[in-house]
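Enquirer: Here is the input, now give the coordinates:
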Amino acid sequence: MLSFTVRTCGKALLLAAVVCLAVPALRAQSDSEKLFAAKCAMCHAKDGSGDSPTGKAMKVPNLKSDAVQKLTDAELTDVVTKGKSAMPKYQDKLSAEEIKGLVGYIRSLAKK
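Expert: This is a model prediction of the structure:
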């Protein structure tokens, strides 16, 4: 009986640890998604396709495309930080951590 209780408690603690580690990651994704919606979706569309009125007019790239997804994280970070063509730079508006989150979110768009 004691063995069963110890195993059950051990599994419960392991599950609690997994949940504690997963929640911040989910929250970070949610924060990045909100930031994308606020800063990027007007041009790139909510789904990253660029299929928004502004995106179509400015011919912004589809963030799900192979061309964008083949860029390294450093290259994507550079584009978000310094801007490119008509895209504004965000180096003075977003923290390095926020930009890193956006790059991760852009990566996730290809999977949706």
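Enquirer: CA only for contacts and neighbour counts going forward, please
Expert: Fine.
Enquirer: quick one: contacts of stretch 68-83?
Expert: The set of residues external to stretch 68-83 that reach it, using CA atoms under 8 Å, 6 or more residues apart in numbering, is 61, 62, 63, 88, 89, 90, 91, 99, 100, 103, 107, 110.
Enquirer: if we go to 6 Å?
Expert: For stretch 68-83, the external contacting residues (CA atoms under 6 Å, 6 or more residues apart in numbering) are 89, 90, 91.
Enquirer: Just the element for the residue most central in space within the chain, please.
Expert: Closest residue to the average C-alpha location of the chain: residue 105 at 1.7 Å, with CA atoms, centre = their mean. In this assignment (DSSP states H and E), residue 105 forms part of helix 96-109.
Enquirer: for residue 64, same thing?
Expert: Using DSSP H and E, no element contains residue 64; it sits outside every helix and strand.
Enquirer: That one: what's its closest spatial neighbour, skipping adjacent residues?
Expert: Nearest residue to residue 64 in three dimensions, chain neighbours excluded: residue 110, at 4.4 Å (CA to CA, 6 or more residues apart in numbering).
Enquirer: can you count the residues close to that neighbour?
Expert: Using other CA atoms under 10 Å, the number of residues around residue 110 comes to 17.
Enquirer: after the lowest-mean-pLDDT helix or strand in the chain comes which helix or strand?
Expert: One helix or strand of the chain scores below all others by mean pLDDT, DSSP states H and E: helix 2-39, with a mean of 61. Beyond helix 2-39 in the direction of the C-terminus, DSSP H and E gives the next helix or strand as helix 41-44.
Enquirer: quick one: contacts of that next one?
Expert: Helix 41-44 is contacted from outside by 50, 54, 55, using CA under 6 Å, 6+ apart.
Enquirer: What residues sit buried inside the helix or strand just after it?
Expert: The first helix or strand that comes after helix 41-44 along the chain, using DSSP H and E, is helix 53-58. Along helix 53-58, the positions that meet the burial threshold by neighbour count (16 or more other CA atoms under 10 Å) are residue 55.
Enquirer: Helix 53-58 packs against which elements?
Expert: Under the contact criterion of 3 or more CA pairs under 6 Å, 6 or more residues apart in numbering; DSSP states H and E, helix 53-58 touches helix 41-44.
Enquirer: Alright, calling it a day.
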